[in-house]
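>>> Structure, please.
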Amino acid sequence: MQNAFGRHVDLKIVDIQTAKLDVGFKQVLVKVYTDEGITGLGEAYWGEGVRDIIKSEKMKRILLGQNPLDVNRLFSRMIDAMSGEGSLAGSVVSAISGIELALWDIAGKSLGAPLYRLLGGRYRDKIRTYADCHAGETDDPESWASKAKSVKEMGYTALKFDIDTPDHWRDDFNRCLSNVEIRVQAKKIAAVRDAVGDETHIAVDCHWRYSPKDAIKLANAMEEYNLMWLEDPIPPGNVDAMYKVTSISPVPICTGENLYLKYGFRRLIQKQAVDIVSPDIPKVGGISEFKNIAEVADAYFIPVAPHNISSPIGTMAGVHACASIKNFMIMEVHHLSAGATWWEDLVKEKPLVKNGFITLPDRPGLGLELDKREVSKHLVEVDEKFFNE
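Below is the predicted model:
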């Protein structure tokens, strides 16, 4: 049905299809179909069982026949109904997130408006991104400096490097940093800083590897390099321990990619146990939940810098969401470290990233269309009707 403005307002969901891509991570794309031919694209954070949850008969019972424009109601319905499947974390919330993104895409397309308009409008016209560089080609500081220079030459004004040591990945129970290890990591970041100068922002990711004591020692060693933040220095879940690190660290502390729903962020923010929050939109619950988290963080003057390892679909959902919040800081793009030079080829609209920024699209919904030929090159699994419109 169309209203007086010729827009579709009375739609019904008739099907849900998925595709799994190997884009460095096994990303799950979601397509939601309606009875009037409007489809929505979404993306769920990778993980075991995510695609099965999206395709499950229970999820279809929740959604089929419903109006996709009732995004928030359907989100609540999915959360309530799927809570019986186990803890509302991990695969369940990621699956719901991917569907929620697709519903927003349908809403924008059906109303003929870019998604950010439906989210309250924009605070900014383009979204600043930082490039996840991972590391140098070797462990030598000179290699890290070379990587930093090459990425800066692409136009990025902010870079992130990983400094959790390979030895710690081999021993999951060893969270201790020796003084030698700290000096080695500091030399790498010193080389990066020298290579890119003072105007380029540098973030450092620890991947939850260290104890609070060693995280503080590491932060002290990094102070002179004027970091944008130290990310995930300790394991998630212990807000009091994170508060201890944040309150003592001379470097801003960022965390949040392993937290789910607004409830996972509530105490962290209220206790001001973090300087910057980094929800992952296709993982945390989707766009509306991300905006809820951003609103709570803004009440405590905490900026938001979304974690993002998505394909262009999840990335563009983040662009619209970040444009609509006041306290946005910067958003990650991850395809460089994944080796995915073909990342932008997955969609017809490109280039997406120009000089480290993504401009808001004015096309309805997310504003992206998959390039079927390019997507097909990276398919791991796909539902039979996924490419049908």
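>>> end-to-end on stretch 207-226?
In stretch 207-226, first residue to last residue: 20 Å (Cα to Cα, to the nearest Å).
>>> Apologies, that question was intended for stretch 201-219.
End residues of stretch 201-219 are separated by 16 Å (Cα to Cα).
>>> How about stretch 20-32?
15 Å.
>>> Just give me how far that stretch sits from the chain centre.
Stretch 20-32 sits 14 Å away from the centroid of its parent chain (Cα atoms, centre = their mean, to the nearest Å).
>>> buried ones in that stretch?
Residues of stretch 20-32 classed as buried by neighbour count (16 or more other Cβ atoms under 10 Å): 20-21, 23-25, 27-32. (Glycine included, C-beta is placed from N, CA and C.)
>>> For the stretch 201-350 of the chain, give me the ranges with low pLDDT.
337-341 (pLDDT under 70).
>>> Check the buried residues of stretch 20-32 and tell me the two furthest apart.
G24 and V32 (25.1 Å; Cβ to Cβ).
>>> tell me the helices in the stretch 101-250 of the chain, going along the chain?
In the stretch 101-250 of the chain, helices defined by DSSP state H, counting those that start in this stretch lie at 115-118, 141-152, 166-170, 179-196, 212-222, 239-248, listed in chain order.
>>> Could you identify the helix or strand that succeeds the last one?
The one in question is helix 239-248. Using DSSP states H and E, the helix or strand that follows helix 239-248 in sequence is strand 253-255.
>>> From the chain's centroid, how far away is the very next helix or strand once past that next one?
Sequence-wise, the next helix or strand downstream of strand 253-255 (DSSP H and E) is helix 261-270. A distance of 17 Å separates the centroid of the chain from that of helix 261-270, by Cα atoms, centre = their mean.
>>> that older thread, need the helices of the stretch 101-250 of the chain in a markdown table (columns: distance to K109 and mean neighbour count).
Output for the helices of the stretch 101-250 of the chain, formatted as a markdown table (distance: least, Cβ to Cβ, whole Å; neighbours: other Cβ atoms under 10 Å):
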| stretch | distance to K109 | mean neighbour count |
| --- | --- | --- |
| helix 115-118 | 9 | 22 |
| helix 141-152 | 35 | 19 |
| helix 166-170 | 43 | 11 |
| helix 179-196 | 41 | 17 |
| helix 212-222 | 45 | 20 |
| helix 239-248 | 40 | 18 |
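>>> so which of those gets nearest A294?
Per Cβ to Cβ, nearest to A294 of the helices of the stretch 101-250 of the chain: helix 115-118, 13.6 Å.
>>> How far off centre is the closest one?
19 Å.
>>> So which residues make contact with it?
Here helix 115-118 makes contact (Cβ atoms under 8 Å, 6 or more residues apart in numbering) with 104-105, 107-108, 111, 122, 287, 317, 320-321, 323-324, 360, 365-367.
>>> same question, stretch 381-389
15, 17-20, 29, 31, 33, 37, 39, 51, 55, 372.
>>> tell me which residues of that stretch are tucked away?
382-383, 386.
>>> Between these, which sits nearest V71?
F386 (21.6 Å).
>>> which residues does the residue nearest to the closest one when sequence neighbours are not counted contact?
Using Cβ to Cβ, 6 or more residues apart in numbering and skipping residues adjacent in sequence, the residue nearest F386 is Q17, 4.3 Å away. Shown in contact with Q17 (Cβ under 8 Å, 6+ apart): 30-31, 33, 383-386, 388.
>>> since we're on G65, how many residues are nearby?
11 (other Cβ atoms under 10 Å).
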